Each structure stands twice: as C-alpha cells, then as structure tokens.
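In: Kindly return the folded structure for what I paste below:
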Amino acid sequence: MLFYPTIGKIRRNCNRTFSILMKEHLPVSYSKDHLFIEDVSVADLVQAYGTPLYAYSASYFESRLDLYNRGREGLEEQIQFCYGMKASSNLELLRLVAARNWGADIVSGGELFRCQKAGIDPGKIVFSGVGKTESEIAYALEAGIHLFSVESPSELRTISRIATQKGTIAPVGIRINPDVDPGTHPYISTGLKENKFGIGHSHALEIYREAASLPGIRIKAAGFHIGSQLLDFSSYEEAAGRLLALVHEIEDLGISIDEIDVGGGLGIDYLQNHDLNEPLDTPDPAAFVRQMWHWINESDANRSRKLRRITFEPGRSVAGNAGFLITRVLYRKRNEDRQFFICDAAMNDLLRPSLYQAYHRVIPENASRSDTFGDLVGPVCESGDFLAKGRNLPDLQEGDVAVLASAGAYGFIMGSNYNSRPRSAEVLIRGNSHKLIRKRETYEQIIENELIRD
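Out: Numbering: from 1, shown residues only. Reported below is the predicted structural model:
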C-alpha cells in the first residue's frame, strides 16, 4: 500500500499560479469489506485498545515531513521548518519530527517541555503566542530557543527586562499583522486587523525602533501568520509582498532583518468531495516552499537582493490526514424525521465539528453499509455534541465501528474531560504493526489533582 503522493494539476488564475495541487491517497483501504489503516485492521485496533481511539499513520505523517524537506533541497541552510505542534503533540509524533531535523513552533511552556522530552533541538524552536508568561519567557531563555515571535509592545518590554535580569540576549522577531484576508473560517483567520495576533502594520516601524533601543534584545526576524486551512497561495503572496515592503522600511532605519517567518496554515483535503478510493487534491508542500522562496528572495519586490532565511511552521498539513478517530455506535434513535447514531466519541474527543462546524468524513468499518441521512452524535449533555450533523452518513447499526478521517490535527489535542469523560487512548501504526503511545485515562486520573477531604 503506497501513501506517498504524486504531483498533479496546476490551478491558474489570470495567468498566475496560485496553487499547485497534488494527488495523494489516505492511508486507509478496504480488504474483504473491512477497513484497514496502513496494513492494520481497524477491528483489530478496537479489539486491542477499545473506543474511542485515536490512530495515527506514521508512514503518512513522515511522508508529509519529507514533502516539505523536498522543497528545501539545496537550500538547507536558508530554510527552516518548525512543526506547529499545537496541531498534535504526542511525544511519539514529535520524535518523528526531530528525526527529520525539524524544529517546532510552540505557544506555551508545556509545549517547550514536550519538545525537550522528544529531543527537538531548542535552537530550532520559535515561541509564538500573544500571552507568554514571565515564567515561560524565563524558561525559554534558559533553554536557548531560536526566536521569540513578539506580538505586543508590552511583551517586548517584558522579554527585555527578563533577559537583562538574566544577563543574556533574547533573539526576537516581530509578528506583523498584514491585514490580509485569507478567506477561511473566522475562528482560524489570524492576519486581519481585528484579530488579536501580531502588531498592526502601521505600528511596525515604531515597535522596531523601540526593540532596537531596548537592552537584552537582538532583532533577527519579521514574520506573519495569516490563518489556517488555506488551499491556495495567493494570500501568502499578498502577505509576503506587504511584509517585504515593510522590511525595506525597517532596514532603512539601520535595523537588519535576516529572517522571514511565514508561519503555517497550508490546508488539507477533508474528503468532502471524494470517494474513499479517489485521490485527494491537496496543495503541494514542496511547491509551496519553493514559491515562498521565490516571492521573498527572488522576486522583483526584493529590491535589496539580500538572501533571507525563511522559517515555515506547518502543522495541520503534516498531521491532519495522518490521524483518525475510531468510535463505536451505541444506539440508533429517530426523532420525527431525523435519524441519530449515538456513538461513544463526543465533542470532548473531537471538538472541531461543534466549534467550527468542521467536516470530518465518516468511514464505516464495514464497507457493506449503505447511506442514509442523519446525525452522528455523542453522549455529552449538550445539543452541540455532534461529530456529523445533517449529512449523508453510513447506515450504521448498533455495535458498528466508524472512523472519522482527517482527525490528526486539532483532534485529540483539543480534547477535554467535560462530563468527567476520560480522554481516549492513542496508537501509532506503521505497516502491519501498531503500538500504544498514550494510555486511556481512568476515572482516578481525572480527579488525581483535586484536593479530596479524608
């Protein structure tokens, strides 16, 4: 079974290439009407680990890392990849990231701790996020991270004070909000002026002047992040052009910018318009890397002809289609004209459908199930507890197993213990082997940090 993609068609608009699409298949297939992830039967996974269960394809995850790496061939010293670990951060997945010589994009001290445990080089870590605490800043300085991505003047001053107190220098870049509309869901748009992220474009020169005057600060970079689940490159081109024009103004002040951080956000195909056996259309990471290199270092907009290092922070486009949520149907129920399939996974296991109205393909473990219209819902006591709502779904019977695809990014990691539900187990699959990479929580573990009276 092959999971590596092949280059496909080119989408053009006004004679300009905005997105290079490639063909790829998910690492799932049917054999004798039963579903397999790589070469492991879903039924065997359920038998071994129970449900709900998150399963990840190591081969697919690695193939996505390799595609990005292909884009920097010959440019290894000029291009850095920092995995956006907020997408999925199990230590076993992070070890795969470290093995490919990647760094990480983090947004908390806890994520830095995970990186250290997984063997990711701190010198390849970018610390993003609008709310870094003083203890997190101190922790990151002690660890020797590559860069703080600064998102406010107050944060810049705090980093300067802590670095000065410690007698060290903090490497910083300023995250610029380019006010570019990526045309994505408003909850995952991050580059508009009404978003909480970054420094407004009109205030950038002012904060760079201040950064240059502060003790304990070394200015290294400028960057942007315009949003998530982006399926063409046009928004990146606009953001890169705006940032480069600003960088030229910053350098006219005598402040050198050696690195451009372009964030992450490249999207995936969520199988909404495909049969399972059809290849997906998804943006090619290697082509994306090369296109960004051109826009920043080779285009006419780069009047200085100065080669700048570029940092990419992909997350969803690496992990998204590598992960699956496996669930079992408990009951069937019909209210008026709506069929409900009540399963043992819930919004606390996969929040995206409730939070974003996100689509996840529901794949029956048994291929012989026909389709019907209905809702796949969980046991949580909320009307918003659904995994698929008002859709054509497999006509699942009580006891059937179903798999929700494209759950590797913002799946398990956004889970909670709402309704005192234990979080699911996680397994990693490679070929015909599988291993537990996170145990299922117990009731005792849910309450272990609470102060219980004797």
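In: For the top strand by length along the chain, could you pull out the residues that count as buried?
Out: In the chain, ranked by residue count with DSSP state E as the criterion, the top strand is strand 323-335. Residues G323, F324, L325, I326, T327, R328, V329 are the ones in strand 323-335 that count as buried (16 or more other C-beta atoms under 10 Å). In short, each C-beta sits where N, CA and C put it, glycine included.
In: swap in stretch 242-250?
Out: Neighbour-count burial for stretch 242-250, counted by 16+ other C-beta under 10 Å, picks out R242, L243, L244, L246, V247, I250.
In: With stretch 94-110 instead?
Out: Neighbour count says stretch 94-110 has 94, 96-98, 100, 102-109 buried, by 16+ other C-beta under 10 Å.
In: Kindly report the same for stretch 55-72.
Out: For stretch 55-72, a neighbour-count test (16+ other C-beta under 10 Å) marks 55-65, 67-69, 71-72 as buried.
In: picking up where we left off before, give me the helices and strands touching the longest strand of the chain, please.
Out: The contact analysis (3 or more C-beta pairs under 8 Å, 6 or more residues apart in numbering; DSSP states H and E) places strand 323-335 against helix 42-49, strand 53-57, strand 338-343, strand 401-404.
In: Run through the neighbouring helices and strands of the first one.
Out: In terms of contacts (3+ C-beta pairs under 8 Å, 6+ apart), helix 42-49 is packed against strand 34-37, strand 53-57, strand 323-335, strand 401-404, strand 425-430, strand 433-438.
In: who's in contact with A104?
Out: C82, Y83, G84, M85, L94, V97, E111, C115, I120, K124, I125, V126 (C-beta atoms under 8 Å, 6 or more residues apart in numbering).
In: Any of those buried? List them.
Out: For the contacts of A104, buried by 16+ other C-beta under 10 Å: C82, Y83, G84, M85, L94, V97, E111, C115, I120, K124, I125, V126.
In: My read is that the second one contacts V97, right?
Out: Yes - using C-beta atoms under 8 Å, Y83 is in contact with V97, at 4.6 Å.
In: check contacts around N277.
Out: N277 touches S29, counting by C-beta under 8 Å, 6+ apart.
In: re the thing from before, out of the buried residues of stretch 94-110, which sit inside strands?
Out: G103, A104, D105, I106.
In: right, and out of those residues, which lies closest to A425?
Out: Among those, A104 lies closest to A425 (C-beta to C-beta), at 23.9 Å.
In: what pairs with that closest one across the strands?
Out: Beta-bridge pairing of A104 under DSSP bridges involves Y83, I125.
In: distance of it from L253?
Out: A104 is 31 Å from L253, where distance means C-beta to C-beta, to the nearest Å.
In: again, but for F324
Out: In this structure, F324 and L253 are 50 Å apart, going by C-beta to C-beta.
In: go on, I342?
Out: 62 Å.
In: out of these two, which sits in the more crowded spot?
Out: I342 (17 against 10; other C-beta atoms under 10 Å).
In: And that one, how close does it get to R391?
Out: 15 Å.
In: One more: S202?
Out: From S202 to R391 the distance is 44 Å (C-beta to C-beta).
In: about what we covered before: strands - which of the buried residues of stretch 55-72 land there?
Out: A55, Y56, S57.
In: unless I'm mixing things up, the second one is touching V427, no?
Out: Yes - because the distance of 7.2 Å satisfies C-beta under 8 Å, Y56 is recorded as touching V427.
In: Give me the common contacts of those two.
Out: Joint contacts of Y56 and V427 (C-beta under 8 Å, 6+ apart) are I437.
In: which intervals of this structure have sub-threshold pLDDT?
Out: The model of the chain has pLDDT under 70 over residues 1-19, 179-197, 300-305, 454.
In: Regarding this structure, what is its longest helix?
Out: Determined from DSSP state H, the single longest helix within the chain is helix 234-252.
In: Quick check: next helix or strand after that helix?
Out: Per DSSP states H and E, the first helix or strand lying C-terminal to helix 234-252 is strand 259-261.
In: residues in contact with that next one?
Out: With C-beta under 8 Å, 6+ apart as the test, strand 259-261 has contacts from 126, 147, 149, 173, 175, 220-225, 240, 243, 247, 296, 308-311, 313.
In: Identify the neighbouring strands of that strand in the sheet and state each direction.
Out: Short version: by DSSP bridges, strand 259-261 pairs with strand 217-223 (parallel), strand 309-312 (parallel).
In: Among the ones you listed, which comes closest to R352?
Out: For the strands paired with strand 259-261, proximity to R352 was assessed by C-beta to C-beta; strand 309-312 is nearest, at 23.2 Å.
In: now that closest one, how far from the centre of its chain.
Out: 17 Å (C-alpha atoms, centre = their mean, to the nearest Å).
In: what does stretch 28-40 give?
Out: With C-alpha atoms, centre = their mean as the basis, stretch 28-40 stands 26 Å off its chain's centre.
In: Give the buried residues for it.
Out: By neighbour count on 16+ other C-beta under 10 Å, the buried set for stretch 28-40 is V28, Y30, H34, L35, F36, I37, E38, D39, V40.
In: if I pick the second one, what's in contact with it?
Out: What it means is Y30. Residues near Y30 by C-beta under 8 Å, 6+ apart: F36, L276, A367.
In: who does the first one bridge with?
Out: Each beta-bridge partner of F36 is listed here: S29, S41, as defined by DSSP bridges.
In: residues contacting it?
Out: V28, S29, Y30, V42.
In: Let's see that with 10 Å instead.
Out: By C-beta atoms under 10 Å, 6 or more residues apart in numbering, the contact list for F36 reads M1, P27, V28, S29, Y30, V42, A43, D44, L45, E365, I429, N432.
In: Also the last one?
Out: With C-beta under 10 Å, 6+ apart as the criterion, the residues that contact A367 are S29, Y30, S31, K32, D33, H34, L35, L276, P394.
In: export these to a markdown table and tack on distance to A346?
Out: Listed next are the contacts of A367 as a markdown table, based on distance: C-beta to C-beta, whole Å:
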| residue | distance to A346 |
| --- | --- |
| S29 | 28 |
| Y30 | 27 |
| S31 | 30 |
| K32 | 31 |
| D33 | 28 |
| H34 | 25 |
| L35 | 21 |
| L276 | 24 |
| P394 | 19 |
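In: Thanks a lot, catch you later.
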